[in-house]
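Enquirer: Got a predicted structure plus its sequence, pasted below:
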Amino acid sequence: MATITMLDIEGKEAGTLELNDEIFGLEEPNKNAVYEVVKNYLANQRQGTQSALTRGEVRGGGRKPFRQKGTGRHRQGSSTDPSQVGGGIVFAPKPRSYNYAVPKKVKRLALKSVLTSKVNDNELIVLNEINLDAPKTKEMVRILSNIGADKKALIVTADKNENVVLSARNIPGVRTDIADKINVYEILNHTSLIATKEAIEKIEEVYR
């Protein structure tokens, strides 16, 4: 098992933690699984509300817009024809769902792959705990600076911690999540993955 040094909120060493190789130590992360899961996540975020009118839905078209001959223009039978200004749209897009499912095994393999990559790239920071007496953005900024995570960071706790959520929500590039709700896209989209010891233990319990 890989061993990682834990930090406290002051940025000082606070012991070590062994990581489960089944989740954090794959021999070869599966890039194809990661690609499929990210594509699925982004597709499921699409609203699918785009809509346009076909020639049968555009208002007008009751009579021939101009006479057949003598105008020097092409012949035309309806003002709703797609070639006319204000006419309908050919193969007009209509509201639809872009949602589709990805096998559970692929999702888990992708998650284990990105977690392994974070460990390999030294972008996983494990804290022994995050205890805030009250929501304070300034205090969260100080903690992130202490542990060397000033850039985009994803903070993962074992359960929802209201003080952590409220302290981090106004910091640009910083998001919070709970251990059993983390997703591949958010992990990839943030430079640092910050997790408490309890969160790591819960991840290993849920995704083993």
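Expert: Received it, and whenever you're ready, just let me know what you need.
Enquirer: May I see the buried residues of the biggest helix by length in the chain?
Expert: Secondary structure of the chain per DSSP state H: the longest helix is helix 104-120. Buried residues in helix 104-120, counted by 16 or more other Cβ atoms under 10 Å: 106-119. For every residue, glycine as well, the C-beta is placed using N, CA and C.
Enquirer: Settle this for me: residue 182 is touching residue 156, isn't it.
Expert: Yes: between residue 182 and residue 156 there is a contact under Cβ atoms under 8 Å: 5.9 Å.
Enquirer: neighbour count winner among these two?
Expert: Neighbours per residue, other Cβ atoms under 10 Å: of residue 182 and residue 156, the larger number sits with residue 156, 26 against 21.
Enquirer: Checking that one next. Helix, strand or coil?
Expert: strand (DSSP: H, G, I helix; E, B strand; the rest coil).
Enquirer: Could you check how far it is from residue 174?
Expert: Distance, residue 156 to residue 174, using Cβ to Cβ, to the nearest Å: 12 Å.
Enquirer: How about residue 202?
Expert: Using Cβ to Cβ, one gets 21 Å for the distance from residue 202 to residue 174.
Enquirer: ranges for the strands of this structure?
Expert: Secondary structure of the chain (DSSP state E): strands at 2-7, 13-19, 124-127, 153-157, 174-178, 192-196.
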